[in-house]
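>>> got a predicted model here, sequence first, then my questions.
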Amino acid sequence: MSSSAARTSQDKKHRTFIRACPLSANNYAPTLYSLHDIRREFLRVLKIHGARLSTEEIATWLGLEEDDVITLGDALCNQRGNQISDEDDIICKVYNTAIKKHQYALVKSLRHQIEEHIKWQSGETLECVVPKQLSLLLDTMELTSEDVIQLSHGIDTSVATRINAHRYLENQVLSSLSGIIAPTSLEKLFFDEDPALVIPIAKTLCQQGRLPGSVSASLNNAVYIPHIFTHMQRNIIDSYFRTNGYVTEKKCVGAGLSRNRMECFVRESFPNAVLLPHAIIEPEVICQPLEVAIQSAVMNNGYADLRSLVPLDVACNHDDIEQIINVCVVDCLKLQHDTAMFDAFAKGTTIINTDIALFFSHEMINKSVKMLDVGIERYSKQRAKEIVENKIGTDAGGKKGKPDAPTHAADVISLRDVANFIGNNYSDLKQLQQEFEDGSKCEVKLSWNSDEVCRCDGPLIEFCRAVLYRDAERKCSRAVRAEVASLESTRHGVTMSDRSVGAAKQMDIQEEFESSFKDLCHLLQILAKTIENFSTRGLFTSAEITSMKRELLLGMGSCLARLLTEYCVYRNNVEGAHTFAYSHQDNIPAYVSALDFPSFSLQCNPADGGKQMNPLQHLRESVPASSGQNLVRMWNICSDDNDGDNLLEQFISHLEDSCLTLVGIPFSVLDKKAEKKILNARRQGLIDRLEQSSQRDEILSASVILIYQQAKNLLILGKTMTSLVMNIFEQEKKIPKRVTEVLLDLKRENDSPEMLHLAKKFGTAKNSKALAAISETSV
């Protein structure tokens with residue numbers, strides 16, 4: 001029932017009545033209860049369910065409205081003296097400082113708890129209680145000092161006295177701190193009071209909301225921080241962070257915010273903020289320009305100066321910028337859907353130290369490593385000459401034993417020379433290095449070992465140290481040994497070819513040729529086997545089969561002919577080798593990602609007198625023995641003018657017969673292991689090319705090749721073969737209809753971003769099940 005329905009009345013038989021309605025009854029009528037009966041039920045609830053209960057709890061057990069419980073409880077608390085015969089039945093109303101609500105309790109029970117608590121704290125009698133224990137008593141009992149004073153009557157007068165003293169100190173703390181607007185040390189403000197007593201009082205007042213602030217305490221020292229000061233901090237820090245995307249520890253300290261509170265304070269307004277050793281940042285703001293710079297470096301095969309993109313007061317700390325790049329940027333790249341960019345970043349190299357923070361793309365690193373060859377070749381010849389001359393001088397002097405071996409440091413090209421090679425090809429990086437040297441003391445003579453210098457010598461020098469040292473050391477050591485061996489052989493009468501390239505370069509050319517030649521031989525056989533499979537299954541007409549064979553012969557066949565010719569001319573040190581040329585200036589494409597191969601034809605540059613030479617005749621006459629004839633026959637078979645039958649088979653057969661004689665390497669026959677290796681390498685290479693491409697024709701061709709390899713485990717290549725295979729996609733059960741529709745739509749020059757994105761997803765599907773799942777969700 002509502003509180004307005006509760007009332008008291010008088011009659012001759014009963015002192016007081018109260019009208020109440022039990023909640024347990026569904027259809028109830030107002031019932032009159034005597035105050036004596038209600039009081040008995042009230043006491044029973046307190047004794048059974050807890051000697052200290054809130055109005056909500058009592059209302060639940062009595063079946064009354066909360067307002068009725070308050071009316072009833074207040075009436076029972078007002079009974080005193082002769083109205084209550086048993087001391088155990090006295091009820092009081094107290095305020096719980098923890099839940100901030102009033103409760104009803106049994107006086108005797110609370111007094112007993114107070115007494116037991118004081119005895120337990122002091123270990124002696126009530127007279128020995130101290131102020132610190134009184135403060136702890138208030139916190140433990142969750143009572144106000146007024147309630148404790150009221151309850152202490154009848155326990156001990158000394159306790160009440162001390163509680164009064166505690167209340168006086170509480171009022172003193174309250175009045176002293178109420179008008180403060182800046183952080184204040186409690187120990188200094190209350191220098192004549194015990195900090196162990198003042199600190200808990202101040203904390204309690206703050207918790208109760210009586211003091212507008214908070215207490216930050218450590219041991220016996222504590223600082224009161226008013227809310228007005230916290231609001232000022234909030235305005236300063238939030239405004240700065242929102243504008244700049246970061247705030248440094250120094251800035252926070254200037255605003256009165258310690259490092260211990262910095263992270264929690266900022267994250268209250270900016271939950272995504274990341275704590276660094278000396279600052280806290282918003283990753284989305286700070287990392288976004290770094291991601292753009294990294295993407296640009298990857299796309300342009302260059303580098304990115306990341307330090308210049310980070311705010312100066314953050315970038316000046318090595319630990320902060322290192323965490324931004326190696327943790328925050330990495331996390332941001334992982335969250336992107338473009339996994340190719342994350343992979344490209346992972347393949348590249350990041351150099352971070354006290355003065356620089358740069359990212360170098362993988363392609364730039366590879367290009368720089370190749371740039372070393374010219375300088376190392378020049379260095380190795382000079383160094384080998386010094387070693388041999390020193391040895392000759394030692395032998396002539398009659399000294400016994402071998403000469404001292406050259407030192408490790410002496411057999412490595414100078415760091416400054418390498419930096420000049422790289423700088424000549426990357427002018428902006430060279431300019432950055434020059435600006436660094438102008439503003440610092442960078443020594444002319446530099447050491448490869450960064451541990452010896454313990455300093456930063458500029459972006460270009462640090463790039464060479466971090467990225468090129470191992471390659472320079474390995475190549476120099478190998479080149480010097482090869483040149484020394486070459487000079488020693490000539491000295492002892494062994495005939496050596498008088499070629500300009502160094503001995504180490506000859507080794508590199510030999511290794512590169514063997515690797516490329518072997519892979520192209522395997523790829524040619526795999527594609528020939530694919531065409532044979534088409535012919536056996538009757539998928540295409542005889543004219544279409546012939547067209548695919550011819551395309552393969554003119555493309556990959558002419559590439560092999562060029563590769564063999566170049567190496568044979570080099571191997572035999574043919575005079576006038578520069579006169580040979582080819583119809584295309586492009587290099588032979590990498591087999592792993594090639595969509596087709598260009599058709600090359602052998603040509604000759606005009607002679608010194610301007611006379612045009614026949615390239616095949618000049619080749620036959622220039623290359624000794626039968627090698628020239630074998631090369632000429634090879635060019636004739638893969639010539640565009642040759643319309644004979646079974647030319648592809650003839651070409652492969654001729655390679656098998658002549659390779660060992662031509663280049664000293666036998667034709668590499670295909671086996672299952674080699675075929676699996678080529679298929680896997682091709683798939684990964686094409687996926688990388690597809691993910692980075694934005695050209696419609698390139699995306700279409702790469703997707704068709706990848707999807708067909710996934711569905712039929714057959715490798716295809718070339719415009720003719722790819723186009724013909726795409727026309728039979730509808731016949732393949734493992735290729736979903738939706739996939740064919742998208743690719744045909746793309747072929748009709750529908751190069752919308754949605755279609756290009758779908759084609760990429762189809763091409764990069766892991767297997768047929770994944771392809772089917774993607775096609776179903778793309779409808």
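Looks like it came in fine.

>>> contact partners for the most centrally placed residue in the chain?
Most central in the chain under C-alpha atoms, centre = their mean is residue 330, positioned 2.0 Å from the mean C-alpha point. Going by C-beta atoms under 8 Å, 6 or more residues apart in numbering, residue 330 touches 342, 345. Every C-beta, even on glycine, is put in place using the N, C-alpha and C of the backbone.

>>> measure it to residue 283 for me?
Distance, residue 330 to residue 283, by C-beta to C-beta, to the nearest Å: 11 Å.

>>> now stretch 366-378 - C-alpha only, CSV.
Provided in CSV are the C-alpha atoms of stretch 366-378 (Å, rounded to 0.1, in the frame of the first residue of the first chain):
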residue,chain,number,x,y,z
ASN,A,366,67.6,-5.9,-54.1
LYS,A,367,68.5,-3.2,-56.6
SER,A,368,71.1,-1.8,-54.2
VAL,A,369,72.7,-5.2,-53.8
LYS,A,370,73.1,-5.5,-57.5
MET,A,371,74.6,-2.0,-57.7
LEU,A,372,77.5,-3.3,-55.6
ASP,A,373,78.7,-5.6,-58.4
VAL,A,374,80.4,-2.9,-60.5
GLY,A,375,82.3,-1.4,-57.5
ILE,A,376,83.2,-4.7,-56.1
GLU,A,377,84.6,-5.9,-59.4
ARG,A,378,86.8,-2.9,-59.7
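
>>> tell me which element the residue nearest to the centre of the chain is part of?
Here residue 330, judged by DSSP states H and E, is contained in helix 330-335.

>>> could you report the pLDDT at residue 714?
Reading off the confidence values, residue 714 has pLDDT 93.

>>> so it sits right up against residue 530, yeah?
Yes: distance between residue 714 and residue 530: 5.0 Å, which falls inside the contact criterion (C-beta atoms under 8 Å).

>>> okay, these two: which has more neighbours?
residue 530 (21 against 17; other C-beta atoms under 10 Å).

>>> assign the more buried one to helix, strand or coil.
helix (DSSP: H, G, I helix; E, B strand; the rest coil).

>>> who touches it in this structure?
714-716, 721.

>>> how near is it to residue 721?
Taken as C-beta to C-beta, the span from residue 530 to residue 721 is 8 Å.

>>> output the below-cut-off pLDDT ranges for the stretch 201-350 of the chain.
218-220, 337-338 (pLDDT under 70).

>>> let me redo that: the stretch 51-200 of the chain
Those would be 79-88, 117-140, 145, 149-150, 152-164, if you go by pLDDT under 70 across the stretch 51-200 of the chain.

>>> pull the number of nearby residues for residue 673.
Residue 673: 8 neighbours (other C-beta under 10 Å).

>>> any idea how far the residue nearest to the centre of the chain is from residue 291?
10 Å.

>>> what kind of secondary structure is the spatially closest residue to residue 45 that is not a sequence neighbour in?
Spatial nearest neighbour of residue 45, excluding adjacent residues (C-beta to C-beta, 6 or more residues apart in numbering): residue 61 at 4.5 Å. On the three-state scheme (three-state DSSP), residue 61 is labelled helix.

>>> can you list the buried residues in the helix holding residue 330?
For helix 330-335, the neighbour count (16 or more other C-beta atoms under 10 Å) marks 330, 332-333 as buried.

>>> could you dump the residues you listed to a markdown table with distance to residue 78?
Formatted as a markdown table, those follow (distance: C-beta to C-beta, whole Å):
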| residue | distance to residue 78 |
| --- | --- |
| 330 | 71 |
| 332 | 68 |
| 333 | 72 |
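
>>> which one of these sits closest to residue 208?
Nearest to residue 208, judged by C-beta to C-beta, of the buried residues of helix 330-335 is residue 332 at 45.2 Å.

>>> check what pLDDT residue 764 gets.
Note for residue 764: predicted pLDDT of 91.

>>> ramachandran angles for it?
phi -90, psi 10 (degrees, to the nearest 10).

>>> hmm, it is touching residue 707, no?
No: between residue 764 and residue 707 there is no contact under C-beta under 8 Å: 9.9 Å.

>>> which of these two has more residues huddled nearby?
Higher neighbour count among residue 764 and residue 707: residue 707, with 27 against 23, using other C-beta under 10 Å.

>>> name the secondary structure element that contains that one.
Assigned by DSSP H and E, residue 707 falls in helix 696-712.

>>> which element follows that helix toward the C-terminus?
helix 719-726.

>>> let's see that following helix as CSV, backbone CA atoms only.
The C-alpha coordinates for helix 719-726 follow below in CSV (Å, rounded to 0.1, in the frame of the first residue of the first chain):
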residue,chain,number,x,y,z
LYS,A,719,47.3,-14.8,-74.7
THR,A,720,46.0,-17.4,-77.2
MET,A,721,45.9,-20.3,-74.7
THR,A,722,44.4,-18.2,-71.9
SER,A,723,41.6,-16.9,-74.2
LEU,A,724,40.8,-20.3,-75.5
VAL,A,725,40.7,-21.9,-72.0
MET,A,726,38.4,-19.1,-70.8
